[in-house]
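# After the sequence you'll find the predicted model.
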Amino acid sequence: MPKLGMVGGTGPESTVEYYQAIIKRYQDKTGNPEELPEFLIHSINMYKIFDLVDSGEEGELVAYLAAAVQDLQKAGADFAVLAANTPHIVFEEVRQETGVPMISIVEETFREADRLNLGNVGLIGTKFTMENDFFKEPFLANGKKLVVPNGDEQDYIHEKIVDELEKGIVKPETKDEFLNIISRMVEEDGIDGIILGCTELPMLIKPEDTKIRQLDTLEIHAAAIAEAMVGE
């Protein structure tokens with residue numbers, strides 16, 4: 001079985017969800033509830049990631065993430081993942097720097113949107129994920145639209161992710177406002193799906209909360225990881 005190396009801690013809440021999701025997906029694929037995959041987790045500092053992105057220190061961000069991936073490789077990992085959306089700002093650079101096989105959350109989310117034949121997809125996440133082009137590129141390159149909230153909405157979403165969700169805090173009023181933003185995007189932007197582009201967002205938004213298709217990036221990523229672990 002190829003051994004996974006997961007760069008986690010970005011943030012801690014979703015790393016726990018990744019751990020559980022990977023195990024469940026792996027057991028589903030093997031058909032054995034008593035089979036547990038063995039894999040490595042290197043937990044790094046989420047706030048350092050945010051600081052480096054916010055200050056535009058891309059080279060230092062690549063070095064920080066690449067060092068974590070290389071540590072996992074030295075410990076025996078055959079392939080690696082970055083267990084969050086925001087660090088994928090420099091995913092390609094990290095992959096090239098390390099030479100380690102890696103599974104991208106962005107690439108897998110695009111594949112799922114394409115499989116579902118979604119053509120006009122909304123994206124919510126940290127301001128870094130919404131402002132930058134790394135998530136938009138595969139969609140635009142394949143003739144699909146990717147829509148983000150307006151500036152004020154982006155500020156609100158980012159604030160609540162950092163101050164609440166990343167700390168495990170879930171508030172009903174925050175959920176209501178997030179759903180209002182998604183509803184506005186459906187009505188005004190015509191989106192036919194919504195990407196939960198922060199791996200903490202499923203703590204807040206559940207499948208039954210929206211009429212349009214939700215793309216849970218954590219679950220999509222976990223499914224691809226489990227496939228790689230069982231050799232599919």
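Noted; the coordinates are in hand.
# Looking at strand pairing, list the partners for the closest residue to residue 9 other than its chain neighbours.
Closest residue to residue 9 apart from its sequence neighbours, by Cβ to Cβ, 6 or more residues apart in numbering: residue 43 at 3.5 Å. Backbone N, C-alpha and C define where each C-beta goes, glycine included. Here residue 43 sits in beta bridges with residue 8, going by DSSP bridges.
# thinking residue 43 is in contact with residue 11, fair?
No. Residue 43 lies out of contact with residue 11 (Cβ atoms under 8 Å); the separation is 9.9 Å.
# how does this structure divide into domains?
4-104+220-230, 106-216 (automatic domain parsing).
# I'd like the average pLDDT over the first one.
Read it as domain 4-104+220-230. What domain 4-104+220-230 shows for mean pLDDT is 96.
# and stretch 188-207, what's its mean pLDDT?
Averaged across stretch 188-207, the pLDDT comes to 96.
# coming back round to it: let's have the domains of the chain in CSV, adding mean neighbour count.
Converted to CSV, the domains of the chain look like this (neighbours: other Cβ atoms under 10 Å):
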stretch, mean neighbour count
domain 4-104+220-230, 19
domain 106-216, 18
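# Heading C-terminal from the one helix or strand residue 96 maps to, find the next helix or strand.
Assigning secondary structure by DSSP states H and E places residue 96 in helix 91-98. Moving toward the C-terminus from helix 91-98, the next helix or strand (DSSP H and E) is helix 105-115.
# Pull up the pairing partners for whichever helix or strand comes after that next one, direction included.
Where DSSP H and E defines the elements, the next helix or strand beyond helix 105-115 is strand 120-124. Strand 120-124 has the following strand partners under DSSP bridges: strand 145-147 (parallel), strand 193-196 (parallel).
# Could you work out which of those reaches nearest to residue 187?
strand 145-147 (12.1 Å; Cβ to Cβ).
# and the closest residue in space to residue 36 that isn't next to it in sequence, what helix or strand is that in?
Excluding the flanking residues, the one nearest residue 36 by Cβ to Cβ, 6+ apart is residue 23, at 6.4 Å. Using DSSP H and E, residue 23 sits in helix 12-30.
# Since that was my last question, I'll sign off now.
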